[in-house]
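1. Sequence first, then the predicted structure:
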Amino acid sequence: GQQLNQSPQSMFIQEGEDVSMNCTSSSIFNTWLWYKQEPGEGPVLLIALYKAGELTSNGRLTAQFGITRKDSFLNISASIPSDVGIYFCAGQLAEYGNKLVFGAGTILRVKS
Amino acid sequence: SAVISQKPSRDICQRGTSLTIQCQVDSQVTMMFWYRQQPGQSLTLIATANQGSEATYESGFVIDKFPISRPNLTFSTLTVSNMSPEDSSIYLCSVALSGANVLTFGAGSRLTVL
């Protein structure tokens, strides 16, 4: 089936560092979403992207919808301890009935 | 955005039993979805809960194992039937508000099957 390749699988960084993660696919997506999941909680939407090339920020978070519509990245600037969690990309394919396909997730740990 | 309440938040179940998970939304929504998140894994769509008709199941999931009800536009249930340890997962309810392409998730129901 449709697959999103999300990398890196995990990151262990120093507080204050910038973080970058991305998702790629061989399929073309209509929408890219980035979610964060903390222990014991469901995923929470961080950023939604709807157009190829779109660059959107939410505080220290910035995400872009790749120009080919096959990839997206999420950057976190000046990381802080509360950034810890699992970050998921999710894409919406028109050929898949507009259902969401999720990446495997990036586990982020921050050393303070 | 919608507020989603799921019950139970967690449970420990015996092999062979069944458990029903409830999902309540604070507003009427057209689309409700049930996802499974196995330990350390990503989210996999189980089915779309349709109001007034049978749920639509994804490949690998069947109604006998995961019966779903959707009696109205604010409520749905997912039953995990005849459970085995492989069913130990977090089960998440999610909704898409009308016209929106994004999903809002409940906190999930963490099931452990012994």
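-> On my side now, so go ahead.
2. Pull up the residues of chain B that are close to chain A.
-> B:4, B:33, B:41-45, B:48, B:59, B:92, B:94, B:101-108, B:110 (C-beta under 8 Å from any C-beta of the partner chain). The C-beta positions use only the backbone N, C-alpha and C, and glycine is treated the same way.
3. Residues of chain A that sit close to chain B?
-> Contact residues of chain A with respect to chain B, defined by C-beta under 8 Å from any C-beta, are listed as A:1, A:30-31, A:33, A:35, A:40-45, A:48, A:50, A:88, A:90, A:92, A:98-100, A:102-105.
4. Which ones among those residues map onto strands?
-> With DSSP state E as the criterion, strands contain A:Thr31, A:Leu33, A:Tyr35, A:Val44, A:Leu45, A:Ala48, A:Phe88, A:Ala90, A:Gln92, A:Leu100, A:Phe102 from among the residues of chain A next to chain B.
5. pLDDT value on the first one, please?
-> Yep, that's A:Thr31 we're talking about. A:Thr31 carries a pLDDT score of 92 in this model.
6. How many neighbouring residues does the closest residue in space to B:Asp26 that isn't next to it in sequence have?
-> When the adjacent residues along the chain are set aside, B:Asp26 lies closest to B:Val3, with 4.3 Å between them (C-beta to C-beta, 6 or more residues apart in numbering or on different chains). Neighbour count of B:Val3, defined by other C-beta atoms under 10 Å in any protein chain shown: 11.
7. and the closest residue to chain B within chain A, what does it touch?
-> In chain A, no residue comes nearer to chain B than A:Gly42, which is 3.4 Å away by C-beta to the nearest C-beta. Applying C-beta atoms under 8 Å, 6 or more residues apart in numbering or on different chains to A:Gly42 gives the contacts B:Ile4, B:Leu92, B:Ser94, B:Phe105, B:Gly106, B:Ala107, B:Gly108.
8. picking that back up, drop the exposed ones from the residues of chain B next to chain A and show what's left.
-> When those are checked for burial by 16 or more other C-beta atoms under 10 Å in any protein chain shown, the buried set is B:4, B:33, B:42-45, B:48, B:92, B:94, B:102-106, B:108, B:110.
9. residues near A:Ile80, how many?
-> One way to gauge burial is a neighbour count; for A:Ile80, by other C-beta under 10 Å, it gives 12.
10. Verify the stated contact: it with A:Lys111.
-> No - assessed by C-beta atoms under 8 Å, A:Ile80 is found out of contact with A:Lys111, at 11.3 Å.
11. Can you list the buried residues in the helix or strand that contains B:Thr77?
-> Taking DSSP states H and E as the criterion, the element that holds B:Thr77 is strand B:75-80. With burial defined by 16+ other C-beta under 10 Å, the residues of strand B:75-80 counted as buried are B:Ser76, B:Thr77, B:Leu78, B:Val80.
12. A:Ser25: which of those is nearest?
-> Within those, the smallest distance to A:Ser25 is 28.2 Å, found for B:Leu78 (C-beta to C-beta).
13. That closest one pairs with what?
-> Bridge pairing for B:Leu78 (DSSP bridges) gives the partners B:Ile21, B:Ile68.
14. Return the distance of it relative to A:Thr24.
-> Computed with C-beta to C-beta, to the nearest Å, the distance linking B:Leu78 and A:Thr24 is 32 Å.
15. count of residues packed around B:Ser1?
-> For B:Ser1, using other C-beta under 10 Å, the count is 12.
16. Excluding residues flanking it in the chain, which one is nearest it?
-> Using C-beta to C-beta, 6+ apart and skipping the chain neighbours, the partner closest in space to B:Ser1 is B:Thr104 (5.1 Å).
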